[in-house]
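Colleague: generate coordinates for the sequence data below:
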Amino acid sequence: LAAVRSMDEEDEILRSVDRDNKEGRAYVNSWDKRFQETCELLKQVREPGSRGAYLKDSEKQEMYRLHKEDPATYTVERLAKDFRVMRQRVHAILWLKEMEEEEERKQGKPLDDSVEILLDSCPEFFNSHDREFHV
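Modeller: I've put the predicted structure just below:
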């Protein structure tokens, strides 16, 4: 009876060690994905225009038009590279322009864009610390 208990205890210990090994292996294996994500993030920081170039509203409109007409060709990555801004900013611009379009449809008339026109024509009056107006 003592030998059977000892074997059961050993089996339980081995199962516990095996569970721990599987958890540890899964954790270690997840680092490859985390490493790839970190590399992607660092690549974005190093890419041209990572701080963001000043974009006129007309350029944002063009970005949205291109993506809307052919999203397969004009991906977020390509637009980011072409317009020299970060991908997150492209996402924000596309999302904002889509919301503007929906709002114009609801109201049945164009939104007031006098501030954008003023910024586009006289940006020196609105000196931002980094020349970005963040969408």
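Colleague: sec struct for the spatially most central residue of the chain, please.
Modeller: Nearest residue to the geometric centre of the chain (Cα atoms, centre = their mean): residue 88, 4.3 Å. Here residue 88 is helix, with the state taken from DSSP: H, G, I helix; E, B strand; the rest coil.
Colleague: per-residue pLDDT, it?
Modeller: If you check residue 88, the pLDDT there is 88.
Colleague: next one: the helix or strand hosting residue 15 to chain centre, how far?
Modeller: Residue 15 is part of helix 2-46 when elements are defined by DSSP states H and E. Centroid separation between helix 2-46 and its chain, computed with Cα atoms, centre = their mean, to the nearest Å, is 29 Å.
Colleague: hmm, residue 111 is touching residue 104, no?
Modeller: Yes: between residue 111 and residue 104 there is a contact under Cβ atoms under 8 Å: 5.7 Å. To be clear about C-beta, it is placed using only N, CA and C from the backbone, and glycine gets the same treatment.
Colleague: still on that earlier bit, where's the residue nearest to the centre of the chain relative to residue 80, distance?
Modeller: From residue 88 across to residue 80, the span is 9 Å (Cβ to Cβ, to the nearest Å).
Colleague: domains of this protein?
Modeller: In terms of domains, the chain is parsed into 1-46, 57-125 (source: automatic domain parsing).
Colleague: quick one, which of the ones you listed is packed in tightest?
Modeller: Among these, ranked by average contacts under mean count of other Cβ atoms under 10 Å, first place goes to domain 57-125 (a mean of 14).
Colleague: how far off helix 2-46 does the helix or strand that contains residue 82 point, in degrees?
Modeller: Assigned by DSSP H and E, residue 82 belongs to helix 76-83. Per axes from the mean of the first three to the mean of the last three Cα atoms, to 10 degrees, the angle that helix 76-83 makes with helix 2-46 is 30 degrees.
Colleague: let me see the mean pLDDT of helix 76-83.
Modeller: 90.
Colleague: CA atoms only: put the lowest-mean-pLDDT helix or strand in the chain into PDB for me.
Modeller: Lowest by mean pLDDT, DSSP states H and E among the helices and strands of the chain is helix 114-121, with a mean of 74. Taking only C-alpha atoms (Å, rounded to 0.1, in the frame of the first residue of the first chain), the coordinates of helix 114-121 have been written out as PDB:
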ATOM      1  CA  SER A 114     -12.900  77.400 -42.000                       C
ATOM      2  CA  VAL A 115     -10.400  76.400 -39.300                       C
ATOM      3  CA  GLU A 116      -8.700  73.900 -41.700                       C
ATOM      4  CA  ILE A 117      -8.600  76.600 -44.400                       C
ATOM      5  CA  LEU A 118      -7.000  79.000 -42.000                       C
ATOM      6  CA  LEU A 119      -4.400  76.500 -40.800                       C
ATOM      7  CA  ASP A 120      -3.600  75.500 -44.400                       C
ATOM      8  CA  SER A 121      -3.200  79.100 -45.600                       C
END
